[in-house]
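Q: have a look; sequence and predicted model below, questions after that.
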Amino acid sequence: MELDLSPKLAKKVYGDNGGSYHAWCPNELPMLREGNIGAAKLALEKNGFALPRYSDSSKVAYVLQGTGVAGIVLPESEEKVIAIKKGDAIALPFGVITWWYNKDETDLVVLFMGDTSKGHKAGQFTDFFLTGSNGIFNGFTTEFVKRAWDVDDDTVKTLVGNQTGKGIVKLDANVKMPEPKAEDRKGLALNCEEAPLDTDIKNAGNVVVLNTKNLPLVGQVGLGADLVRLEGNAMCSPGFSCDSALQVTYIVRGSGRLQVVGVDGKRVLETVVKAGNLLIVPRFFVVSKIADPDGLSWFSIITTPNPVFTHLAGSIGSWKALSPEVLQAAFNVPAETEKLFRSKRTNDAIFFPPPK
């Protein structure tokens, strides 16, 4: 049976007062289960607080909108409190405890994508909450909690029972939360909208690649990532991940046309993508995109911390590495046609401006 590769939108899982949590379901997007990938979004309103939790999966978080504060506790480490804003990418290895808070009028929206191969459910994140109505200490008897925390019965009831919210709550405006520290960001977060560009083609597009060089913690997560911004009507070269990695793509802004070609030269997907869509390209399948007039931006994770891509067009296209004789024989064309083919796209790499 062929997998459905068409892009999908996230669906609400929980939340009401203070914000909401949305996720992509592997039943609707089978490549999530096939590739052991999870994807979800957290949206916090003003004074929204996502209660402390840890997950069964390593992830990369990407701030899609707004500003806020995140608390991160790495195993056997002190809490790091960081300011976060649109464009920030944060590596979250196994065992990390996190909380998220929005004190501003604009909603804070954070995207999570990660590896579920060691999780409880393939293609889905499972979070374990430290507090709230579904907090882990609700499951222990009073005796166990008393002995673990060295407190009396009344204190146990207060600590375990007072927070009736589930996952996300709205705090009173006068509640004081920890102030972020600039030094805590080092090594934890990288703003992809401000980082040096890895490739920048005039009137076409640019890309920032997240890897172990600019954010070493992605090595522990086992994932790489990139932010690609394509200008209006520009094209992203047909290409594929040549190291057996999966590419999971979330459309951040704009819209455009996308085609994916798989085994035996068969076009397996031809669609229009728009902001909010998530899609997964199978291993070694070739994908290309053309932006609509307003442009197209996407954030992707790749299931290796230092991804390698092969592009099939442009100045660095693998065709250019093949000898003329091989191209003539492979295409079954005369030398003149091969020379014309080779003479094109000599200056543009990866991204191509609109036709003149």
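A: Received, thanks. Keep in mind the model is a prediction, meaning the values are calculated, not measured. Numbers count the residues shown, from 1 in each chain.
Q: from here on, contacts and neighbour counts on C-alpha atoms
A: Fine.
Q: please, which helix or strand holds the residue nearest in space to the middle of the chain?
A: Centroid-nearest residue in the chain, with CA atoms, centre = their mean: residue 113, separated by 4.3 Å. Under the criterion of DSSP states H and E, residue 113 resides in strand 108-115.
Q: in its sheet, which strands sit next to the helix or strand following that strand, and in what direction?
A: Using DSSP H and E, the next helix or strand after strand 108-115 towards the C-terminus is strand 127-129. The sheet places strand 127-129 alongside strand 48-55 (antiparallel), with pairing taken from DSSP bridges.
Q: distance from the chain centre to the strand it pairs with, please.
A: 18 Å (CA atoms, centre = their mean, to the nearest Å).
Q: list the contacts of the closest residue to residue 267 other than its chain neighbours.
A: Closest residue in space to residue 267, ignoring its immediate chain neighbours: residue 261 at 4.2 Å, by CA to CA, 6 or more residues apart in numbering. The contact partners of residue 261, by CA atoms under 8 Å, 6 or more residues apart in numbering, come to 267-269, 285-287.
Q: got any ranges where the protein has weak pLDDT?
A: 1, 307, 312-319, 345-349 (pLDDT under 70).
Q: one more time with 50
A: 1 (pLDDT under 50).
Q: and the longest strand for it?
A: strand 286-302 (DSSP state E).
Q: beyond the strand or helix carrying residue 337, next helix or strand please.
A: Element membership of residue 337 [criterion: DSSP H and E] is helix 335-343. Next helix or strand after helix 335-343 toward the C-terminus (DSSP H and E): strand 351-352.
Q: list the strands paired with that next one, with their directions.
A: strand 235-241 (antiparallel).
Q: can you list contacts of the partner strand?
A: Identification of contacts with strand 235-241 by CA under 8 Å, 6+ apart yields 204, 230, 247, 283-291, 307-314, 349-354.
Q: tell me what the closest residue to residue 214 other than its chain neighbours is bridged to.
A: The spatially closest residue to residue 214, leaving aside those adjacent along the chain, is residue 190, at 7.6 Å (CA to CA, 6+ apart). Counting by DSSP bridges, residue 190 is bridged to residue 89.
Q: please shift the residue numbers so they start at 674 in all later answers.
A: Okay, using 674 as the starting number, the last item reads as residue 863.
Q: residue 893 sits in which helix or strand?
A: Going by DSSP H and E, residue 893 is part of helix 891-894.
Q: for residue 857, what are phi and psi?
A: Phi and psi for residue 857, reported as degrees, to the nearest 10, are phi -70, psi -20.
Q: that older thread, flag every buried residue along the helix holding residue 1010.
A: Buried residues in helix 1008-1016, counted by 16 or more other CA atoms under 10 Å: 1011, 1015.
Q: cool, stretch 870-877 as well?
A: 873-874, 877.
Q: stretch 846-865 now?
A: For stretch 846-865, a neighbour-count test (16+ other CA under 10 Å) marks 853, 857-858, 861-865 as buried.
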